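Student: Sharing a model prediction with you, sequence too.
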Amino acid sequence: MTEPLEKRLERAMAELQAAQEAVARTERELRQASFAVLSSDRAVRATVGPQGELTGIDFLEDKYRAMSPRSSPPVSWRRRTRLA
C-alpha cells in the first residue's frame, strides 16, 4: 500500500529543512575561512579572508630586519580554515 500524500509531504518538508540548514551552516563556515601564505624562509606570513582581502601580515622571528627591500622569496601555500 502506498504512503498517504500528507506523510510524503511531511517527509519532503523535513528533508528540505535539513538541506537548508546544511547550506546555511556551510555558508557560515565559508564566511569564516582564511588562507595563509608562508614565505619559503618562514620570515613572513600573509593571511587572506574568503574574498581574497588581506586580513593579516606577520613578520616572524625578527627576520624582516635582515631583508633587502628588493627581495621577493618564493612562497609555499598553506591552507588554514577556521570553523565555527
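Tutor: That came through fine. Numbers count the residues shown, from 1 in each chain.

Student: For His52, which three-state class applies?
Tutor: Rather than His, residue 52 is Gly. coil (DSSP: H, G, I helix; E, B strand; the rest coil).

Student: Which pLDDT does the model give it?
Tutor: Here, the pLDDT recorded for Gly52 equals 88.

Student: burial measure for Ser39, as a count.
Tutor: When counting by other Cβ atoms under 10 Å, one arrives at 19 neighbours for Ser39. Any C-beta I mention is one placed from the backbone N, CA and C, and that applies to glycine too.

Student: quick one: it and Ile57 touch, right?
Tutor: No. Using Cβ atoms under 8 Å, Ser39 is not in contact with Ile57, being 10.8 Å away.

Student: joint contacts of those two?
Tutor: Arg45 (Cβ atoms under 8 Å, 6 or more residues apart in numbering).

Student: ends of stretch 48-57, how far apart?
Tutor: With Cα to Cα, to the nearest Å as the measure, stretch 48-57 spans 9 Å from end to end.

Student: List the buried residues in that stretch.
Tutor: Across stretch 48-57, burial judged by 16 or more other Cβ atoms under 10 Å covers Val48.

Student: And for stretch 20-35?
Tutor: Phe35.

Student: average pLDDT for it?
Tutor: On average, stretch 20-35 scores 93.

Student: quick check, distance from that stretch to the centre of its chain.
Tutor: Centroid displacement of stretch 20-35 relative to its chain, using Cα atoms, centre = their mean, to the nearest Å, is 9 Å.

Student: so where's this protein uncertain?
Tutor: Counting by pLDDT under 70, the chain contains low-confidence residues at 1, 64, 67-84.
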